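S.K.: Curious how this folds, go ahead:
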Amino acid sequence: MVLASQWLYVLPTYVSDPLSIMLSDGSVQSLSFSYSSGGRLHPAGTAIYTTRDGIGPNDIQRFSITAAGVLAPITDSPYHGDHSFCGATWFSPDASRIYTACGTAVTYNADPQQDMRYFGRFFAAQVRSFAERGDRAHRRDPIGVKHVAARHQRARG
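M.R.: Numbers count the residues shown, from 1 in each chain. You can find the predicted model right below:
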């Protein structure tokens, strides 16, 4: 699941229909089935990135978020088996790159036709170690409530 400001996106862990659920009224929009492994919302809030594991070849893919807030059909990377993509995805601090658990990095571009271009390969063990630390922190405070509350408290003095 991926939480945005007004929507909850339910992404399949294997074969299922991705859902867009509007938080204010509970209305649901569905896409036809997809193969994916979880997903992360890009900091720009315009796309969710996931990998397709278990269906050869594995790939990185993007669900764009439409102006209405619902998920658009998947866009795959232009690499069909050329590079190793697997597991969870993470973003560089400036959000210009997307990393996968296999240690492969691609570039981010707001234009889906120019997105997910191969950037390079990193040591998968280092990527996984970084990701596990981030995921543990995320599980302790999944929507950043503690961070927001602390920042608000500091602002109030």
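
S.K.: Look up how far Asp25 lies from Tyr49.
M.R.: 27 Å (Cβ to Cβ, to the nearest Å). Every C-beta, even on glycine, is put in place using the N, C-alpha and C of the backbone.

S.K.: let me redo that: Gly103
M.R.: Distance from Gly103 to Asp25, by Cβ to Cβ: 41 Å.

S.K.: before we move on, what about Gly56?
M.R.: Taking Cβ to Cβ, one finds Gly56 at 40 Å from Asp25.

S.K.: got a pLDDT number for the residue sitting nearest the centre point of the chain?
M.R.: Closest to where the C-alpha atoms of the chain average out (Cα atoms, centre = their mean) is Arg40, at 2.1 Å. The model reports Arg40 with a pLDDT of 91.

S.K.: I am assuming it contacts Tyr99, so please confirm or correct that.
M.R.: No: taking Cβ atoms under 8 Å as the definition, Arg40 is not a contact partner of Tyr99, at 10.1 Å.

S.K.: Tell me the strands beside the helix or strand encompassing the residue nearest to the centre of the chain, with direction?
M.R.: Element membership of Arg40 [criterion: DSSP states H and E] is strand 37-41. When sheet partners are counted by DSSP bridges, strand 37-41 sits next to strand 47-52 (antiparallel).

S.K.: Residues contacting the strand it pairs with, please?
M.R.: 2, 9, 11, 34-42, 58-65, 71, 76, 85-89, 98, 100-101, 112, 115 (Cβ atoms under 8 Å, 6 or more residues apart in numbering).

S.K.: So among these, which ones count as buried?
M.R.: Using 16 or more other Cβ atoms under 10 Å as the burial test, these include 2, 9, 11, 34-42, 58-65, 71, 85-89, 98, 100-101, 115 as buried.
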